[in-house]
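Undergrad: give the three-dimensional model of this entry:
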Amino acid sequence: MPMDTLADDLSAVLAQADALLARAQTEGSEGAKQIQAQVEEKLAQAKAQLQNLEGEAAEKARAMKQATEAYVQTNPWQSIGIAAAVGFVLGVLVSRR
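TA: Numbers count the residues shown, from 1 in each chain. Next up, the predicted model:
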């Protein structure tokens, strides 16, 4: 799930929760209990989405780490050259400021 979609979903959940809480203030105690249950359900859904996203991100990070390690082990001199070039470019950029 892309981050933009997740942010939109969370914004929608929060807007719905705000609307439900506002409605709970105007309704009686039974209506407030129903609204509270709805808010809790929406928040549980948002939490589940965040946990799913966290798991996906961790899996992608592990895959990237393994790919990087494999590349460095098979091409050590190229890796040193790339690291040196990146360090040089960053040094030039920092020294300009």
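Undergrad: so for the lengthiest helix in the chain, mean pLDDT?
TA: Counting by DSSP state H, the longest helix found in the chain is helix 29-74. For helix 29-74, mean pLDDT is 84.
Undergrad: what helices or strands is it leaning on?
TA: Helices and strands touching helix 29-74, by 3 or more CB pairs under 8 Å, 6 or more residues apart in numbering; DSSP states H and E, are helix 3-26. The C-beta positions use only the backbone N, C-alpha and C, and glycine is treated the same way.
Undergrad: any idea how many residues pack against residue 77?
TA: For residue 77, the tally of surrounding residues (other CB atoms under 10 Å) stands at 7.
Undergrad: let me redo that: residue 54
TA: Residue 54: 10 neighbours (other CB under 10 Å).
Undergrad: what about it, distance to residue 42?
TA: According to CB to CB, to the nearest Å, residue 54 and residue 42 sit 19 Å apart.
Undergrad: next: residue 87.
TA: Taking CB to CB, one finds residue 87 at 48 Å from residue 42.
Undergrad: looking at these two, which is more packed in?
TA: More crowded of residue 87 and residue 42, by other CB under 10 Å: residue 42, with 16 against 10.
Undergrad: quick one: residues contacting that one.
TA: Counting by CB atoms under 8 Å, 6 or more residues apart in numbering, residue 42 touches 13, 16, 17, 20.
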